[in-house]
Every structure is written in structure tokens, then in C-alpha cells.
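Novice: Sharing a model prediction with you, sequence too.
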Amino acid sequence: MRPFEYIKPSTVDEATSFLSQNAEDSLIMGGGTAAVVLLHLGVVRPRYVVDLGGIGALRETTMKGSLHLGALTSIRSLERDPAIAADYNLLSEAASQVANIRVRNAASVGGAVAYGEPQTDTPVALTALDATVEIAGASGARQIPIADFYRGPYETALEQGELVVGINVPKPAANSVGCHMKFTIGSPENKPVANASALIALDPSSGKIIAARVVMGAVGGTPVVAASAAGLVGETPNDDLFADIAAQAANETDPIEDLRGPVWYKRRIAKVLVERALKCALQKSQG
Amino acid sequence: MNVNVTINDKAEQRDVEPSVTLLEFVRDVLGLKGTKEYCHSGVCGACTVLMDGNAISACSTLAVQADGHDLLTVEGLGTPDDMHPIQQAFVDNFGLQCGYCTPGMVLLTKSLLDENPQPTREEIIRYMGSNICRCTGYAGILASVEAVVAQRGK
Ligand SMILES: Cc1cc2nc3c(=O)[nH]c(=O)nc-3n(C[C@H](O)[C@H](O)[C@H](O)COP(=O)(O)OP(=O)(O)OC[C@H]3O[C@@H](n4cnc5c(N)ncnc54)[C@H](O)[C@@H]3O)c2cc1C
Ligand code: FES
Ligand code: FES
């Protein structure tokens, strides 16, 4: 690995003030699961590696009305925290499907979001949950809805020298239930061919769908929010409806051909996953 | 940079470049060759070590990230003359063929059983699928883990 200088700030201010001078020559590191491999391969050749690991404040998780996740919260803790599993089941379900245990132990939610990798699970669930990305830079702090945060593959709204400091997830509406479905080629790498997060809320008296959100991953440069999910609202859930909406949602995707398959194949997988995620959510909400 | 770790219950301090991976630190600086390298990308698990009890890939971690932490490598589990029950179970149940994945598999088993002392077969399958074995087809590995679980359940 090429030599670099190791910077380990202990506060967000220290990190952003260093980055305000040196952003262009720096690589920010969260858990390092992607960063260390990029360094090893020489894909990135920074002069400074800025390890956020010493910033204790970024490890804080709170649940007061909404869920606040410090950027360094591990993917594994999203999977294992019983309180998150209870109220934010979609998120813990998606987290439990990331990569393998080793990656989930080390990777941080801030890194997962900031990386902007298209083949990803947690950001897809966070988009379905309407999360907000909390950003800090030398010139101040701001918040962006996660759907606006993604600009393209590995491209985000982060300006040079800015950090993701946290993720805020609003509590899902009462009676809403979600499922995350993923298809992989079955290696411990486990990156999705495609995946889908569906969140639906049923009116307890009429049984009709009152809210629905469907987001698909790995089938576009960024998570794809299905506009066709609006067609679920006001309807009584049934298999034909789900199949129809899933077909429309798959048409909204824009996959690329790669080692995980050609475009038509990924669309077909996306359709099946959306259908399954909707059925799974319905089943869960009917107990 | 100074890196202080407790590794296999022993305190170690070394001065290393920040670009040294934890895998290089363990194998080349400390001379503990049980931890293996294969994919160098977080996929295979040949380089599995436990940091504060959690399984991680040493290849995808900088040595400086381990500063101040507690590490366990396969050498800390048992010795050829005095094997840990997990190691003995792998020997008794054909949990290995070439053996390259085995240090990682044994440590992964330890982290599974520390988290969940009585896992179901389904839970074992999901967990052990985190690491790659190219030889055994996993049947012997699952049998090894189940043997430890059964032994402890007694
Ligand atoms: C083998 C393998 C398989 C994987 N499979 C999946 C999968 O199936 N699904 C899935 O969702 N994920 C998967 N991942 C995880 C994903 O690819 C990233 O490795 C992980 O999310 C990065 O998190 P990290 O904390 O380790 O970030 P790092 O590796 O530290 O950083 C990743 C990138 O984000 C930047 N960054 C990190 N933190 C911040 C921050 N707080 N602010 C600004 N920038 C930051 C870094 O500069 C870097 O560019 C897999 C990873 C591996 C290695
Ligand atoms: S060598 Fe580290 S995961 Fe394969
Ligand atoms: S025994 Fe050869 S890779 Fe597992």
C-alpha cells in the first residue's frame, strides 16, 4: 500500500477544519471496509487518510420520536438492536442482508450512505423510510432527504470536505410494515443483483392500503423510488394488484449489464422482488 | 505510528507505518501465520480475526484501527497439543480438507457461539456462509459446529 499520513480527529470540528484545508488530498474513513481495499488496490492515492473512528460523538444512537444514528453506528448493530428491530424493522431486515458478518461488524451506516455504491442494501431501506442525511462541513451543518442525496453511481450531494455525521429516520406511520428482498448470485460477497424495499400501511378498519413506498436497489445509478407505488394507495391489497404494480416499478429501473447479469434479467428480478416484498409486507401486517 | 493491542491475551506494542494492514501486522510484524490472505477484499474470510469479540477481515482493516483493542487469532484459541473444543470438533468431524479457510472458520464459530450459544441449524448455516470454503462443501463444517453446540448443551 502506498504511504499516507494518518489523521485521527477526535471531534467533528477537528475533522471538518482539517478537511477545509486538505479535502482534495484526503480520504475519509469510516469502518474502512471499502476504503482500505481501495487504498490497497491503489484506486485512491490520498496524501491523508482521515479516520473518523476516534470521534466518539459519531457513535451515538438515540430514539426520541425518530431514530438518530451516528455515522459510525455499525451495520451489525442495526441488525441486532432489538429496539431498532421493533420500530424500524425494514432497516434491520435490510442490514441483516448486507455482505457477510465481518463486513457488517466493521462497516458504518455513514460509510454505507456516503459511499454511494449502487449495489447496496441499507441505503435502499433508508430511502424507503424517508431518512434524512445529516452533513457537517467547515461552513456549517445541513440536512438533506436521502432521496436527494444520491446524484449518480458513487456520486452524492456531499461537497468537498463535508462529512456525513448522522442519519435521521422518522418513525414509520402507525400500522406500516416493511420487507426487504434481495437476490444475489450466492457468494459471501453478497452484493445484490437487485433488491427491493417495500413499506405499506393498511387502514385497520377497511383493510385498504393508505400509504405505500417501494424502492429498488442495484437497478440504477442510485436507489430507484417507484412512482408507480402510488397506484397501491386506496386499493384493497391482492395478488393481481401487486403483480401489476411490480411490473410498472420494474419499468422505472435503469440497470446496467455487468457480471451480475444483463439488463432484461435484472428488470425481471426487480419485478419479482417488488412483488415478493409487497406480499411479505402484507403478510406481516395481517400478523 | 505506535500500535498497542492485546492479542491472544498478550500486550504487544509496535511502531508501524499507517499503511500497514492488520493482516500484515498480525502475520509479518507479529509473526502469527495462522491468519491467511486470499481475496484481500473482504469477501472470503481467510483473514478473519476477532476484534473485541467481533469477527472482522484483517485484510480490510488498518493496523492503526486496531490500536487499543483486543484481538484474537487462531493461535490464541489452542495449541496442537491442547486444542480448543472448537478446533477438536473440526478435526473430529472432517471440518477441513486443505485447511486454508480453517483458522477463519474456527474463529467464526467462536464468535457465533459467543453471541448465540445454542444456534439452530438454520442460524449456523447463515452465519458460517459468511466465510468461503472451496473444499468441504460445508457439510463437515456444519457438523463440526453442531458437534460443539451438542457438547455444550449437555
Ligand atoms: C465484500 C463486500 C461485500 C459487500 N456487500 C454489500 C451488500 O451486499 N450490501 C450492502 O449494502 N453493502 C455491501 N458492502 C458494504 C459496502 O460496499 C461498503 O463497504 C460499506 O458500506 C462501507 O462502509 P464503511 O463504514 O466501511 O466505509 P469506508 O470503507 O470507511 O468508506 C467508504 C466510502 O465512504 C466514504 N465515507 C465513509 N464514511 C464517511 C462519512 N461519515 N462521511 C463522508 N464520507 C464517508 C469514504 O471516504 C469512502 O469513499 C459490501 C462490502 C464488501 C467489502
Ligand atoms: S483475505 Fe480478507 S476477506 Fe479474503
Ligand atoms: S478446507 Fe480448503 S478452503 Fe476450506
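Specialist: That came through fine. Everything quoted here is computed from the prediction, not taken from an experiment. Ligands and ions are numbered 1, 2, ... in the order given.

Novice: CA only for contacts and neighbour counts going forward, please
Specialist: OK.

Novice: show me the contacts for the most centrally placed residue in chain B.
Specialist: The residue lying closest to the centre of chain B (Cα atoms, centre = their mean) is B:Leu107, at 3.0 Å. Applying Cα atoms under 8 Å, 6 or more residues apart in numbering or on different chains, we find B:Leu107 in contact with B:48-50, B:55, B:73-74.

Novice: What residues sit buried inside the strand or helix carrying it?
Specialist: Element membership for B:Leu107, per DSSP states H and E: helix B:102-115. Using 16 or more other Cα atoms under 10 Å in any protein chain shown as the test for burial, helix B:102-115 gives B:102-113.

Novice: Report the distance from it to the chain centre.
Specialist: Centre-to-centre, helix B:102-115 and its host chain are 6 Å apart (Cα atoms, centre = their mean, to the nearest Å).

Novice: Give me the mean pLDDT for stretch A:258-268.
Specialist: Mean per-residue pLDDT for stretch A:258-268: 95.

Novice: Check which residues of it are buried.
Specialist: Quick answer for stretch A:258-268 (16+ other Cα under 10 Å): A:260, A:263, A:266-267.

Novice: Looking at those residues, which are in helices?
Specialist: When DSSP state H defines the helices, the subset of the buried residues of stretch A:258-268 inside them is A:263, A:266-267.

Novice: so who does whatever residue of the stretch 51-200 of chain A ends up closest to chain B touch?
Specialist: Nearest to chain B, among the residues of the stretch 51-200 of chain A, is A:Arg102, at 4.2 Å (Cα to the nearest Cα). By Cα under 8 Å, 6+ apart, A:Arg102 lies in contact with B:42, B:45, B:48, B:54-57, B:130.

Novice: Likewise for B:Gln118?
Specialist: B:149, B:153.

Novice: Just say helix, strand or coil for it.
Specialist: Following DSSP: H, G, I helix; E, B strand; the rest coil, B:Gln118 is assigned to coil.

Novice: Can I get the contacts of B:Leu107 in TSV including neighbour count?
Specialist: Below are those laid out as TSV (neighbours: other Cα atoms under 10 Å in any protein chain shown):
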residue	neighbour count
B:Thr48	31
B:Val49	30
B:Leu50	23
B:Ala55	28
B:Thr73	22
B:Val74	23
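
Novice: farthest-separated two in those residues?
Specialist: Greatest spatial distance in the contacts of B:Leu107: B:Ala55 and B:Val74, 11.9 Å, computed using Cα to Cα.

Novice: shared neighbours, those two?
Specialist: Counting by Cα under 8 Å, 6+ apart, the contacts common to B:Ala55 and B:Val74 are B:49, B:107.

Novice: Intersect the ones in helices among the buried residues of stretch A:258-268 with the contacts of ligand 2.
Specialist: Restricting these to those touching ligand 2 (Cα under 6 Å from any ligand atom) yields no residues.

Novice: Please identify the helix or strand for the nearest residue to B:Arg27 once chain neighbours are set aside.
Specialist: Distance criterion Cα to Cα, 6 or more residues apart in numbering or on different chains; nearest residue to B:Arg27, sequence neighbours excluded, is B:Lys33 at 4.9 Å. Using DSSP H and E, no element contains B:Lys33; it sits outside every helix and strand.

Novice: so how far is ligand 1 from B:Lys33?
Specialist: 23 Å (Cα to the nearest ligand atom, to the nearest Å).

Novice: That residue touches B:Leu23, doesn't it?
Specialist: No - using Cα atoms under 8 Å, B:Lys33 is not in contact with B:Leu23, being 9.6 Å away.

Novice: The two: who's more crowded?
Specialist: Neighbour tally, B:Lys33 and B:Leu23, criterion other Cα atoms under 10 Å in any protein chain shown: the higher count belongs to B:Leu23, 25 against 15.

Novice: contacting residues for the more buried one?
Specialist: B:35-37, B:47, B:58-59, B:61, B:63.

Novice: So which of these is the closest to A:Thr61?
Specialist: Of all the contacts of B:Leu23, A:Thr61 sits closest to B:Thr61, with 23.7 Å by Cα to Cα.

Novice: right, and the helix or strand after the helix holding B:Leu107?
Specialist: helix B:121-128.

Novice: Mean confidence (pLDDT) on that following helix, please.
Specialist: 97.

Novice: How about stretch B:36-53?
Specialist: 97.

Novice: Ok, stretch B:90-97 next?
Specialist: On average, stretch B:90-97 scores 97.

Novice: Regarding that stretch, how distant is the last residue from the first?
Specialist: 10 Å (Cα to Cα, to the nearest Å).

Novice: got it, and stretch A:77-91?
Specialist: By Cα to Cα, the extent of stretch A:77-91 from end to end equals 11 Å.

Novice: Stretch A:218-233 now?
Specialist: End-to-end distance for stretch A:218-233, by Cα to Cα: 26 Å.

Novice: Closest one to ligand 1 out of the contacts of B:Leu23, please.
Specialist: Each of those was checked against ligand 1 using Cα to the nearest ligand atom; the closest is B:Thr61, at 9.2 Å.

Novice: in chain B, what spans have low per-residue confidence?
Specialist: For chain B, no stretch has pLDDT under 70.

Novice: Please parse chain B into its domains.
Specialist: Domain ranges of chain B: B:2-76, B:85-152, per automatic domain parsing.

Novice: okay, now A:Glu93: neighbour count?
Specialist: Neighbour count of A:Glu93, defined by other Cα under 10 Å: 23.

Novice: Correct me if wrong, but it is in a strand.
Specialist: No - residue state for A:Glu93 (three-state DSSP) corresponds to helix; a strand is not indicated.

Novice: Just the pLDDT for it.
Specialist: What the model reports as pLDDT for A:Glu93 is 97.

Novice: That one touches A:His180, doesn't it?
Specialist: Yes - contact criterion Cα under 8 Å: A:Glu93 and A:His180 qualify, at 6.3 Å.

Novice: Tell me who's in contact with the single nearest residue of chain B relative to chain A.
Specialist: Of all residues in chain B, B:Ile56 sits closest to chain A, at 4.2 Å by Cα to the nearest Cα. By Cα under 8 Å, 6+ apart, the contact list for B:Ile56 reads A:101-103, A:105-106, B:48-50.

Novice: Mind jotting down where the helices sit in the chain?
Specialist: I went with chain A, as the question did not name one. With DSSP H, the ranges of helices along chain A come out as A:12-22, A:35-41, A:75-80, A:82-87, A:89-95, A:101-106, A:109-115, A:122-128, A:146-149, A:239-251, A:263-285.

Novice: nope, chain B
Specialist: With DSSP H as the criterion, chain B has helices at B:22-24, B:85-92, B:102-115, B:121-128, B:139-153.
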